[in-house]
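Novice: One predicted model, sequence on top.
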Amino acid sequence: MLTLVTGATGQVGRRFVPRLLGQRRPGEGVRVLVRDAARAERFAALGAEVVAADLRDEDALHKAVAGADAVVNIAASFRGVPDEEAWAVNRDAAVALGRSAAAVGVRRFVQVSTGVVYGTGRGRPMTEEDEIRPGGAMWGAYPESKAAAERELLALQGGMEVRIGRLPFVYGEGDPHLADILRWAAHWASAQRLQMAHHVDVAQGLMRLLYAPGVSGPIYNIADDAPVTAVELHQLNGVDVPADMHTRTDPDPWFGIMSTQKIRRDLGYRPVHPSVWSARDDGVL
């Protein structure tokens with residue numbers, strides 16, 4: 001089995017690829033698609049095949065997927081990028097990659113998506129069966145472009161099986177996201193919550209989607225067990241809580257809160273770090 005991974009040098013990919021390489025069986029291979037081969041030298045040292053190309057170059061995509069059995073598409077343009085870049089990477093390039101993969105006989109395509117495609121809350125943790133309503137001023141075109149990619153990739157199913165992992169806020173192992181989130185959390189209500197997952201649990205969730213022989217539906221939420229509040233985010237970062245935070249109101253207490261019942265039941269997923277507090281105690285923030 002040869003698995004192609006995109007986005008290998010991003011915050012999720014750079015932590016996922018070494019774990020994937022570490023769990024290879026004899027005869028299995030990992031290929032990474034990167035724009036700058038120099039940034040993938042450590043993957044090459046661990047045994048990965050490196051292909052240097054831009055994800056938005058469709059000719060390069062055909063070469064990258066040639067001979068692959070599976071694809072894990074982690075590449076994404078996140079907050080702070082122009083909307084046209086978000087659409088170009090998150091939808092257009094993802095769909096082009098999916099089409100190239102299907103054309104060469106790739107059997108399984110794992111698309112990394114996001115829980116913010118659910119949009120507004122439902123008064124409970126959101127499940128994979130819920131309608132998606134992407135939006136939100138904080139995210140720009142990110143939710144809409146990811147939702148569009150999901151729809152178009154799922155339409156490619158036939159000879160190629162598509163599986164989608166929806167991630168929450170990802171942190172751990174030196175990822176700066178935990179500090180960066182204070183740019184927004186400083187303006188939240190004190191009890192406003194953020195669903196999270198440690199990188200080790202994101203990796204195990206994606207590998208379960210990659211390797212499981214059968215699933216009961218193409219979409220799975222991957223998250224930990226304990227969303228944290230704005231107050232807790234300040235405490236975790238060792239920063240004083242804004243004095244007026246307790247006077248604010250959370251407009252949507254269930255925004256971004258996801259159920260993990262399906263991935264637990266179907267694929268045996270159990271978070272190694274059930275909460276950010278346990279991760280802190282284990283020294284892996």
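Specialist: Looks like it came in fine.
Novice: Only C-alpha atoms from now on, for both contacts and neighbour counts.
Specialist: Noted.
Novice: where does the protein dip in pLDDT?
Specialist: Residues of the chain that meet the criterion pLDDT under 70 lie in 79, 136-139.
Novice: Tell me where it has helices.
Specialist: With DSSP state H as the definition, the chain shows helices at residue ranges 13-22, 41-45, 58-65, 83-86, 94-104, 142-154, 177-180, 182-185, 199-211, 230-236, 261-267, 276-281.
Novice: Which one, of those helices, ends up nearest to Leu4?
Specialist: Among these, the nearest to Leu4 by CA to CA is helix 58-65 (6.8 Å).
Novice: packing partners for that closest one?
Specialist: Applying 3 or more CA pairs under 8 Å, 6 or more residues apart in numbering; DSSP states H and E, one finds that helix 58-65 makes contact with helix 94-104.
Novice: Other residues contacting the helix it packs on?
Specialist: Helix 94-104 has contacts (CA atoms under 8 Å, 6 or more residues apart in numbering) with 55, 58, 61-62, 65-67, 71, 73, 109, 149, 152-153, 156, 159-160.
Novice: got it, and stretch 119-131?
Specialist: 118, 132-136, 219-221, 252-260.
Novice: Between its first and last residues, how far does it reach?
Specialist: Stretch 119-131 has an end-to-end distance of 9 Å (CA to CA, to the nearest Å).
Novice: Now do the buried residues in that stretch.
Specialist: Going by neighbour count (16 or more other CA atoms under 10 Å), the buried part of stretch 119-131 is 119-122, 126-128.
Novice: returning to that earlier point: quick one, which of the helices of the chain gets closest to Leu167.
Specialist: Leu167 lies closest to helix 199-211 among those, at 7.5 Å (CA to CA).
Novice: roughly how far apart are Tyr118 and Gly22?
Specialist: On the measure of CA to CA, Tyr118 and Gly22 end up 33 Å apart.
Novice: okay, these two: which has more neighbours?
Specialist: Neighbour totals were compared for Tyr118 and Gly22, and Tyr118 leads with 24 against 11 (other CA atoms under 10 Å).
Novice: That one and Met258 touch, don't they?
Specialist: No - using CA atoms under 8 Å as the test, Tyr118 is too far from Met258 to be in contact (9.0 Å).
Novice: show me what contacts the closest residue to Asp225 other than its chain neighbours?
Specialist: Residue nearest to Asp225 in three dimensions, not counting chain neighbours: Pro274, with 5.1 Å by CA to CA, 6 or more residues apart in numbering. Shown in contact with Pro274 (CA under 8 Å, 6+ apart): 224-226.
Novice: rewinding a little: take the helices of the chain and write them to CSV, including distance to Asp244.
Specialist: Putting the helices of the chain into CSV (distance: least, CA to CA, whole Å) gives the following:
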stretch, distance to Asp244
helix 13-22, 37
helix 41-45, 46
helix 58-65, 51
helix 83-86, 33
helix 94-104, 42
helix 142-154, 30
helix 177-180, 20
helix 182-185, 13
helix 199-211, 32
helix 230-236, 12
helix 261-267, 36
helix 276-281, 25
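Novice: Compare the ones you listed and give me the one nearest Ala191.
Specialist: Nearest of the helices of the chain (CA to CA): helix 230-236, 6.1 Å.
Novice: Which other helices and strands does the closest one contact?
Specialist: Helices and strands touching helix 230-236, by 3+ CA pairs under 8 Å, 6+ apart, are helix 182-185.
Novice: Cool, thanks, talk later.
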